[in-house]
Each structure stands twice: as structure tokens, then as C-alpha cells.
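**Student:** got a sequence here, can you build the structure:
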Amino acid sequence: MFKFFLLPLILSILWIGFLQYNNWTIQQGKKGFIYIICGTSAIIAFLSLMMFLTR
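**Tutor:** This is a model prediction of the structure:
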């Protein structure tokens, strides 16, 4: 279960690396962070629900 919460952290670190590689600011990439948080939250909620229902 703990591994699910590493996904947004890893994706955010990769996004910061992408922004720095392309010489963009964090402010310019703010929308990407929102997508990362919303998308991974939906995935975590779905997988948690499936784990709860199948046990």
C-alpha cells in the first residue's frame, strides 16, 4: 500500500527534471503538477478500492 504513495513523488521529481532540462520555471509547469496529483489520486483511489473489495 505504501508503494502507491511513491508514484506522485516519483512523477513530480521527473517533471521537475523535465522542466529544468527545457529551461522552464516551476511556475510554467504548475499545470503539470496539478495533472500529476489529480491523476495519481484517481489511480490510488481505484487501486485501494479494488484491494478493499477483493480481500
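**Student:** how about the strands in this structure?
**Tutor:** With DSSP state E, there are no strands along the chain.
**Student:** pLDDT weak spots in it?
**Tutor:** Within the chain, the ranges that satisfy pLDDT under 70 run 1-2.
**Student:** report the central residue of it.
**Tutor:** For the chain, P8 is the residue whose C-alpha lies nearest the centre (CA atoms, centre = their mean; 2.8 Å).
**Student:** next up, the contacts around it.
**Tutor:** Contacts were defined as CB atoms under 8 Å, 6 or more residues apart in numbering; by that measure P8 touches 36-37, 40-41. Glycine gets a C-beta too; all of them are placed from N, C-alpha and C.
**Student:** which among those count as buried?
**Tutor:** 36, 40 (16 or more other CB atoms under 10 Å).
**Student:** ok, the closest residue to F4 other than its chain neighbours - contacts?
**Tutor:** If the residues on either side of it in the chain are set aside, F4 comes closest to I44, at 4.7 Å by CB to CB, 6 or more residues apart in numbering. Contacts for I44 were tallied using CB under 8 Å, 6+ apart; they are 4-5, 7.
**Student:** could you dump those to TSV with distance to R55 and neighbour count?
**Tutor:** Shown next, in TSV, are the contacts of I44 (distance: CB to CB, whole Å; neighbours: other CB atoms under 10 Å):
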residue	distance to R55	neighbour count
F4	15	14
F5	19	10
L7	21	16
